[in-house]
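**Student:** one predicted model, sequence on top.
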Amino acid sequence: MIPITKPFMPPQQEYEACLKGIWDRGWITNNGPLVQKLEQKLKNYLRLNNILYVSNGTIALQFAIRVLGLKGEIITTPFTYIATTSSIVWENCKPVFVDIDSETLNIDPEKIEKAFTSNTKAILATHCFGNPCDVEAIDQIAKKHNVKVIYDASHCFDTRYKGKSIFLWGDISTTSFHATKLFHTVEGGAVFTKDNELLSRMSYLRNFGHDGPEKFNGLGINGKNSEMHAAMGICNFKYIHKIIGKRKRQSEKYDLLLKKLKVQQLRILPEVDLNYAYYPIIFQSETFALQAKISLERENIFPRRYFYPSLNNLNYVIKQCTPIADDISSRILCLPLYHDLTETDQQKIANILIENES
């Protein structure tokens, strides 16, 4: 079987060595030494000062909305994973969907301003497939209207724009370290911000509001992560350059194998260093996309319709008109991409897709 993705696993003995230290200390959660070590590694690697490691990428989004005190409408994209929208609704805000650019698949800045109302409080945009949004255009719009910006950068570990981490943009940026991601801690996520006060407040949010054992600093929940998860992240850190380098070569191999296939590729903005986390292709029609999916699955190969359906169709949001997102979501497939995927596997996938088109 060739799945859509598989988690990278470090050598078992390296992980077990980390676990031995946990057993020796008997400290398995509550901001343990490995959690602190992982946060410092992230700061050093990404060249960022303010990071909090949390339990997952969804809670990271919820913290961002909560700590910014958002109540009202949040302009967002319908073409993303469901957690982007569900976090908005969970925090009692209203998602206002703005259509995407048909080539970058990110929220279209030219359409954002038309969605503003007197109740608009923020923009929550996703860097889709690790491809950065037009962050400078969004920044200008946000400053003009005096609203906050949150980036769902779940796909973006080590994506850089103009030589700097994409996590630097926005009032708060969030990411996921789920097992499906390039860099993972089995489950996990992080929040990033340049604002020291926001970071401090989120540190209370992730630990029930505790300010010492007998004092509380406002409302909080359990958004912490464990030493076991941090250990996996620390072990995986050793291999991140190898992981990204392999993904780049695999993506270039797909480019070569599929160059005659009648599909649309993702357009990357200038000055972006991509992390090659996904390999999406957009077919000429939904019929062609579904035929390709069925042909691959017949051979135990499992692509994924990321992201289908477009989130403006969810039954707990108000239906809004986003024709480009609806169209793209109906005819896109992400092809298998993971560290152990072989060139033989890729050749097999390409042969099936090409045969299916003929």
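**Tutor:** Perfect, thanks for sending it.

**Student:** CA only for contacts and neighbour counts going forward, please
**Tutor:** Will do.

**Student:** would you map the strands across the stretch 251-358 of the chain?
**Tutor:** In the stretch 251-358 of the chain, the strands defined using DSSP state E, counting those that start in this stretch lie at 272-273, 280-282, 332-334.

**Student:** which of those strands sits most buried?
**Tutor:** Mean neighbours per residue, mean count of other C-alpha atoms under 10 Å, is largest over those for strand 332-334, with a mean of 23.

**Student:** got the contact list for that strand?
**Tutor:** 4, 278-283, 286, 289, 293, 303-307 (C-alpha atoms under 8 Å, 6 or more residues apart in numbering).

**Student:** closest to Tyr81 out of the strands of the stretch 251-358 of the chain?
**Tutor:** Nearest to Tyr81 among the strands of the stretch 251-358 of the chain is strand 332-334 (13.4 Å), distances taken as C-alpha to C-alpha.

**Student:** so the residue nearest to Thr58 when sequence neighbours are not counted, which of the three states?
**Tutor:** Leaving aside its chain neighbours, Thr58 sits nearest to Ala83 (5.9 Å; criterion: C-alpha to C-alpha, 6 or more residues apart in numbering). Recorded secondary structure, Ala83: helix (DSSP: H, G, I helix; E, B strand; the rest coil).

**Student:** what's the distance between Ala83 and Ile294?
**Tutor:** Separation of Ala83 from Ile294 (C-alpha to C-alpha, to the nearest Å): 27 Å.

**Student:** quick one, helices of the stretch 1-150 of the chain?
**Tutor:** For the stretch 1-150 of the chain, helices defined by DSSP state H, counting those that start in this stretch occupy the ranges 12-25, 33-46, 57-67, 82-90, 109-112, 135-145.

**Student:** looking at these, which is nearest to Glu197?
**Tutor:** Of all the helices of the stretch 1-150 of the chain, helix 57-67 comes closest under C-alpha to C-alpha, at 9.9 Å.

**Student:** mind checking the pLDDT average for the closest one?
**Tutor:** What helix 57-67 shows for mean pLDDT is 98.

**Student:** go on, stretch 154-166?
**Tutor:** Average pLDDT, stretch 154-166: 98.

**Student:** how long is it end to end?
**Tutor:** This stretch, stretch 154-166, spans 11 Å end to end (C-alpha to C-alpha).

**Student:** what do you get for stretch 137-156?
**Tutor:** 19 Å.

**Student:** buried sites along that stretch?
**Tutor:** 138-139, 141-142, 147-156 (16 or more other C-alpha atoms under 10 Å).

**Student:** pLDDT score for Gly212?
**Tutor:** At Gly212, the model reports a pLDDT of 88.

**Student:** do the same with the one 4 residues further on
**Tutor:** Note for Phe216: predicted pLDDT of 93.

**Student:** do the same with Leu199
**Tutor:** Looking at Leu199, the pLDDT reads 97.

**Student:** and Tyr308, how close does it get to Ser165?
**Tutor:** Between Tyr308 and Ser165 the distance is 28 Å, computed by C-alpha to C-alpha.

**Student:** then Ile82?
**Tutor:** Between Ile82 and Ser165 the computed distance is 24 Å (C-alpha to C-alpha).

**Student:** and these two? Which one has more around it.
**Tutor:** Using other C-alpha atoms under 10 Å as the criterion, Ile82 and Ser165 rank with Ser165 on top: 19 against 16.

**Student:** how much space between that one and Phe129?
**Tutor:** In terms of C-alpha to C-alpha, Ser165 sits 15 Å off from Phe129.

**Student:** Glu14 too?
**Tutor:** Glu14 is 30 Å from Phe129, by C-alpha to C-alpha.

**Student:** which helix or strand contains His241?
**Tutor:** helix 240-257 (DSSP states H and E).

**Student:** touching stretch 258-271 from outside, list them.
**Tutor:** By C-alpha under 8 Å, 6+ apart, stretch 258-271 touches 103-105, 131-132, 134, 161-163, 280-284, 350, 353-354, 357.

**Student:** of these, grab the buried ones for ChimeraX.
**Tutor:** Burial among those is assessed by 16+ other C-alpha under 10 Å; the matching ChimeraX selection reads:
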select :104,105,131,132,134,161,280,281,282,283,350,353
